[in-house]
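Undergrad: Below: sequence and its predicted model.
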Amino acid sequence: MKLNTYFLLSLVLVICSCTTVKLRTADDYYEQNVYEKAIPYYEEVISKKFDVNTLIKLADCYRNVRNFKNTEKLYAQIISLNNDPLYQYYYAEALMQNGKYKEARKWFEKYLQINRSDTKALNLLASCDSIEMLFRDSLLFNIQVLKINGANESSFSPAYYRSGIVYVSNRNPNSKNNHEPAGDDYNLFYAQQTDGGNWLDPVPLRGNVNSIFNEGPCTFKSDYSSIYITRNDNEGKKIVTNKQSENVLKIYHGTTSEGEWDITGEMSFNNKDYSVGHPTLSPSGNVMVFVSDMPWGYGGTDLYKTEYINGAWKQPVSLGREINSTGNEMFPFLLNDSVLYYSSDGMIGIGGLDIYRTEFKDGSWTKSENMGYPINSSNDDFGFICEKNELKGYFSSNRINEKDKIFSFVKNPPILTLQGRITDKSTNKALKNIYLVLTGGPKDTVLPLNTDGEYRIVVENNLNYTLRAEDKNYFTTSVSFNTNGYRRSAVINEDIALDKLQYNKPVVWRGIAFDKGSSDLKPATKLELNKLYNILADNKNVKIELSCHTDSRGNDRDNLILSQARADHAADYLIQKGINRDRIIAVGYGSLRLLNNCRKGVLCLEEDHQINIRTEIKYMYSGK
């Protein structure tokens, strides 16, 4: 009996000892931020002895390696055992990354009750309410997983290189197919695309670019003479840690000779106290944007810029709060000197890292545009690159089984929908029997109106259109617009309110005015006659009586002659612009048709006399 008790006690001690060793090993990996290697040790420790603190570290490991399913599962346990608001936030974030926006919203709101000024949490809460908007243009891109992705590999951050792409992958360098187990380290691979669009098997980038350490995102000069890569800080074959026991990332540079890359040094702004990485170069090669967690940034990691001037890279400067958030900005891509793509988890998005686009205009960066679904998903989407016209390119995402894969995309023309309503301007009532024609496309199109006076049609991109509404009882009205510059699908609203055309009723047109005793057309008068010309040009079935009137002062005969001359000069101006003479009746009435009692012999104020000095237009239906 004593022997059995001793055996059981020894067994317990051995198990406890093993558990302690595994926990210490897991903690060592955890402190070094090597989360992937810490996970199996924490899992084994938890299976033998449950401990909340160990569970929290395991959840943090899964969160950092972006395994959202396990992150959600573990934080669901943790928030029932620990009421720290931070774990509520991590749980909400995991729910969102798994596409559970309604549930995520609930936990973000709970977290924000205590942390009301957390900008990132506020943005993620707003994201939960903006999902429909980010999915509305889902047909804008066609995406496809590249065949170079291995089934068991993680591959990401493509960069254009010669006739293909260079990317980061934990692919086994000696792999013969896409189904072999992945390796332990991340290296740079080159995948070449044939003229027929097929991909050759990826091969490690030649030279000493791939070291015994992890290689990260890279960029090339446009002539492929230089490379800039992300790599762990090291001395020879040894990883270097700083005072905080952290191994930071650095940017290294190299050159090529006969296809062999040689890493020759590191960037002058590298620092042992913080990481720099993910470089991208402008086409000129004189501007570099990169990522860093410098301690004076806006959030976790920010984007910085440095310029190559007089043979040296200058001190980096932040891209500012227009781009950098309280979250993490990373994986930048400079299309040119003014267009930047990057990923962020701190802005309104679908979940995880989303891809954004911004332009440098008038001295500052424009508000970043979320690329929407299907470029973005509830998982991490990053490493975006594209051709100069932005119509095709590549990006990486872990949306498939939470493994990073490289996707290709082709951008379709945005769907532009023209819609609007035709109404009576004075009553706002719908007009359903109006002749509505759209010109400027491949052919003129007559648009039908429903009973509410509404129309709707899909229009083409990069064209100038005119929409014209006609009816004999209304002035013809035209609106012009163009479809230039639309990057995303959109609805273009063009409502038209028509003015009633009243026939055989004179209308005073005060702008058609003359100097005292003169029939010469003033520049301002010509501008008013141009408006009348436009009406006549648009309304082919209308002719007019253009009559000029004077006040009662002076000789009646002279007033008749002056008013007729004024009417004739105005009519001649319209005829010279192209209006048929048969459509204009020019009449001078002198003082025969006064509007008030200022007849001869009646004392009147000057403003009362001015009421009678006028030009009237009377519209008549020609029936043609």
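TA: Everything's here; your move.

Undergrad: Is Asn596 in a helix, a strand, or coil?
TA: Here Asn596 is recorded as coil under DSSP: H, G, I helix; E, B strand; the rest coil.

Undergrad: So it sits against Asn612, correct?
TA: Yes - Asn596 is in contact with Asn612 according to C-beta atoms under 8 Å; the separation is 6.7 Å. Any C-beta I mention is one placed from the backbone N, CA and C, and that applies to glycine too.

Undergrad: Between these two, tell me which one has more neighbours.
TA: Neighbour count, other C-beta atoms under 10 Å: between Asn596 and Asn612, Asn612 has more, with 19 against 13.

Undergrad: Let's see the pLDDT reported for that one.
TA: pLDDT, Asn612: 96.

Undergrad: cool, and Lys624?
TA: 59.

Undergrad: And Leu3, by the same measure?
TA: 41.

Undergrad: how much space between Ile385 and Gly196?
TA: 22 Å (C-beta to C-beta, to the nearest Å).

Undergrad: okay, these two: which has more neighbours?
TA: Legend: neighbour count by other C-beta under 10 Å for Ile385 and Gly196, higher for Ile385 (21 against 5).

Undergrad: Could you check which helix or strand contains that one?
TA: Here Ile385 is covered by strand 381-386, with elements defined by DSSP states H and E.

Undergrad: Mind checking what helix or strand follows that strand in sequence?
TA: In N-to-C order, the element after strand 381-386 by DSSP H and E is strand 392-400.

Undergrad: Residue ranges of each domain in this structure, please.
TA: Annotated domains of the chain cover 2-135, 141-411, 416-498, 507-621 [automatic domain parsing].

Undergrad: show me where the stretch 201-350 of the chain has strands.
TA: 203-204, 215-220, 226-232, 234-235, 238-239, 249-257, 260-266, 276-281, 287-292, 302-309, 312-313, 317-318, 329-334, 339-344 (DSSP state E, counting those that start in this stretch).

Undergrad: in this structure, which spans are helices?
TA: For the chain, applying DSSP state H gives helices covering 2-31, 35-48, 52-64, 68-81, 85-97, 101-112, 119-128, 131-135, 523-538, 556-576, 606-612.

Undergrad: how about those helices, which one is nearest Leu205?
TA: Minimum separation from Leu205 across the helices of the chain (C-beta to C-beta) falls at helix 35-48, 23.3 Å.

Undergrad: helices and strands around the closest one, which ones?
TA: For helix 35-48, the elements it packs on are helix 2-31, helix 52-64, judged by 3 or more C-beta pairs under 8 Å, 6 or more residues apart in numbering; DSSP states H and E.

Undergrad: so the last one versus helix 35-48, what angle?
TA: Spelled out, that is helix 52-64. 150 degrees (axes from the mean of the first three to the mean of the last three C-alpha atoms, to 10 degrees).

Undergrad: Mind listing what's buried along helix 52-64?
TA: Across helix 52-64, burial judged by 16 or more other C-beta atoms under 10 Å covers Thr54, Leu55, Ile56, Lys57, Leu58, Ala59, Asp60, Cys61, Tyr62, Arg63, Asn64.

Undergrad: and the fourth one, what does it touch?
TA: Applying C-beta atoms under 8 Å, 6 or more residues apart in numbering, one finds that Lys57 lies in contact with Ala26, Asp27, Tyr30, Ala38, Tyr42.

Undergrad: So for the first one, what's the nearest residue that isn't a sequence neighbour?
TA: Yep, that's Ala26 we're talking about. Closest residue to Ala26 apart from its sequence neighbours, by C-beta to C-beta, 6 or more residues apart in numbering: Tyr41 at 3.5 Å.

Undergrad: still on that earlier bit, export the strands of the stretch 201-350 of the chain to a markdown table and tack on mean pLDDT and mean neighbour count?
TA: A markdown table is the format used below for the strands of the stretch 201-350 of the chain (pLDDT from 0 to 100; neighbours: other C-beta atoms under 10 Å):
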| stretch | mean pLDDT | mean neighbour count |
| --- | --- | --- |
| strand 203-204 | 94 | 14 |
| strand 215-220 | 96 | 25 |
| strand 226-232 | 95 | 23 |
| strand 234-235 | 82 | 11 |
| strand 238-239 | 80 | 11 |
| strand 249-257 | 95 | 18 |
| strand 260-266 | 94 | 14 |
| strand 276-281 | 98 | 25 |
| strand 287-292 | 98 | 24 |
| strand 302-309 | 97 | 19 |
| strand 312-313 | 95 | 12 |
| strand 317-318 | 96 | 13 |
| strand 329-334 | 98 | 26 |
| strand 339-344 | 98 | 25 |
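
Undergrad: Quick one: closest of the ones you listed to Lys147.
TA: Among those, strand 203-204 comes nearest to Lys147, with 15.2 Å by C-beta to C-beta.

Undergrad: The closest one - contacts with which helices or strands?
TA: On a contact count with 3+ C-beta pairs under 8 Å, 6+ apart, strand 203-204 meets strand 187-192.

Undergrad: Pull the residues that contact the strand it packs on.
TA: Counting by C-beta under 8 Å, 6+ apart, 146, 148, 155, 161-171, 173, 199-206, 209-210, 215, 218, 229 sit against strand 187-192.

Undergrad: What of stretch 438-449?
TA: By C-beta under 8 Å, 6+ apart, stretch 438-449 touches 418, 422, 431-437, 455, 457, 459-460, 463-468.

Undergrad: Filter the residues you listed down to just the ones in strands.
TA: Counted as lying in strands by DSSP state E, out of the contacts of stretch 438-449, are 418, 422, 435-437, 455, 457, 459, 464-468.

Undergrad: what bits of this structure have low per-residue confidence?
TA: Filtered on pLDDT under 70, the chain yields the residue ranges 1-18, 179, 624.

Undergrad: on that earlier part again, any chance of the strands of the stretch 201-350 of the chain in a markdown table, with distance to Asn187 too?
TA: Shown next, in a markdown table, are those (distance: least, C-beta to C-beta, whole Å):
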| stretch | distance to Asn187 |
| --- | --- |
| strand 203-204 | 6 |
| strand 215-220 | 5 |
| strand 226-232 | 10 |
| strand 234-235 | 15 |
| strand 238-239 | 16 |
| strand 249-257 | 14 |
| strand 260-266 | 12 |
| strand 276-281 | 15 |
| strand 287-292 | 20 |
| strand 302-309 | 25 |
| strand 312-313 | 26 |
| strand 317-318 | 31 |
| strand 329-334 | 18 |
| strand 339-344 | 22 |
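
Undergrad: Of all those, which one comes closest to Ser127?
TA: Closest approach to Ser127 among the strands of the stretch 201-350 of the chain (C-beta to C-beta): strand 339-344, 11.4 Å.

Undergrad: Who are the packing partners of that closest one?
TA: Counting by 3+ C-beta pairs under 8 Å, 6+ apart, strand 339-344 packs on strand 329-334, strand 354-361, strand 381-386.

Undergrad: Ok, which of the ones you listed comes nearest Ile575?
TA: Per C-beta to C-beta, nearest to Ile575 of these: strand 354-361, 47.6 Å.

Undergrad: who does that closest one touch, helix- and strand-wise?
TA: strand 339-344, strand 369-370, strand 381-386.

Undergrad: Contacts for the last one next, please.
TA: To tie it back to what came earlier, the one meant is strand 381-386. So strand 381-386 is contacted by 156-160, 165, 167, 217, 330-331, 333, 335, 341-343, 352-355, 371, 375, 392-397, 399, 406, 409 (C-beta under 8 Å, 6+ apart).
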